[in-house]
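**Student:** Quick one, structure for this:
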Amino acid sequence: MSFPAFYDQAPRIRVRDPLSAFLGASDDGVLEYGYADAVRLAGHSCPTLAGAYLMTVKALNHLYGDTLPERGGIQVHFREAETTSATGVMGRVAALLTGAAGDDGFKGIAGHFDRRDRLFFGANITGDVAFRRLDTGAGVQASFRGAAVPASPETRDLLPAVLNGAGSAEDAQCFRALWQGRVKAILVDHADDPALVDLSAWA
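**Tutor:** From the prediction side, this is the model:
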């Protein structure tokens, strides 16, 4: 299996998961995630997936500063319903990095490590998604502005032909390169652009 090389250039994040430490799944419970993990989870790579990944990484870095985020100790609230557009997929990416889950999440061990009641949809927030630390109550909202890194006109022209099988092999290859090129621009070239991912206070 081979991913585009730029996946390794995208921001990474290290978290500490008390459950992982308790069960000996990793040394000291420290886990490291990269964009390739989100791609494996979703089975594809697109600007929306990249946006969800980047929002989560930036929000966690904001909330925890120089300390490792506590996986399982964070609530995640999406403004849209789970079934709206790609919100459900975005929720899975956020859940991967934060450990947050809904009613179907891990129920814990003897009252410890419960991951339920951490992931919510249809929240009354102004951002796309909001994150809250359960230990301190600190919160932050994040919004993804994909228009800050627009798709090329050629991508839009190629999409129908490639999707319907009317395009050539060269068309398909060009489409894939342009598509992933935009993802690269989001995750690498514009990763620190405040016009792309906006963080705002959440009381």
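**Student:** so who does residue 64 touch?
**Tutor:** Neighbouring residues of residue 64 by CB atoms under 8 Å, 6 or more residues apart in numbering: 70, 133. In this view, the C-beta of every residue, glycine as well, is placed from N, C-alpha and C.
**Student:** From residue 93, how far out is it?
**Tutor:** To residue 93, residue 64 is 18 Å away according to CB to CB, to the nearest Å.
**Student:** lowest-pLDDT helix or strand in the protein?
**Tutor:** helix 153-163 (a mean of 93; mean pLDDT, DSSP states H and E).
**Student:** Check which helices and strands the helix or strand just after that helix sits against.
**Tutor:** As assigned by DSSP states H and E, the chain's next helix or strand after helix 153-163 is helix 169-184. Judged by 3 or more CB pairs under 8 Å, 6 or more residues apart in numbering; DSSP states H and E, helix 169-184 is in contact with helix 47-64, helix 153-163.
**Student:** helices or strands up against the shortest one?
**Tutor:** Helices and strands touching helix 153-163, by 3+ CB pairs under 8 Å, 6+ apart, are helix 169-184.
**Student:** Give me the buried positions along the helix or strand just after the helix it packs on.
**Tutor:** Later in the chain than helix 169-184, the nearest helix or strand by DSSP H and E is strand 197-201. Counting neighbours by 16 or more other CB atoms under 10 Å, one finds that the buried residues in strand 197-201 are 197-199.
**Student:** With stretch 171-181 instead?
**Tutor:** Buried residues in stretch 171-181, defined by neighbour count with 16+ other CB under 10 Å: 174-175, 178-181.
**Student:** from the chain's centre, how far out does it sit?
**Tutor:** Mean C-alpha position of stretch 171-181 versus that of the full chain (CA atoms, centre = their mean, to the nearest Å) differs by 22 Å.
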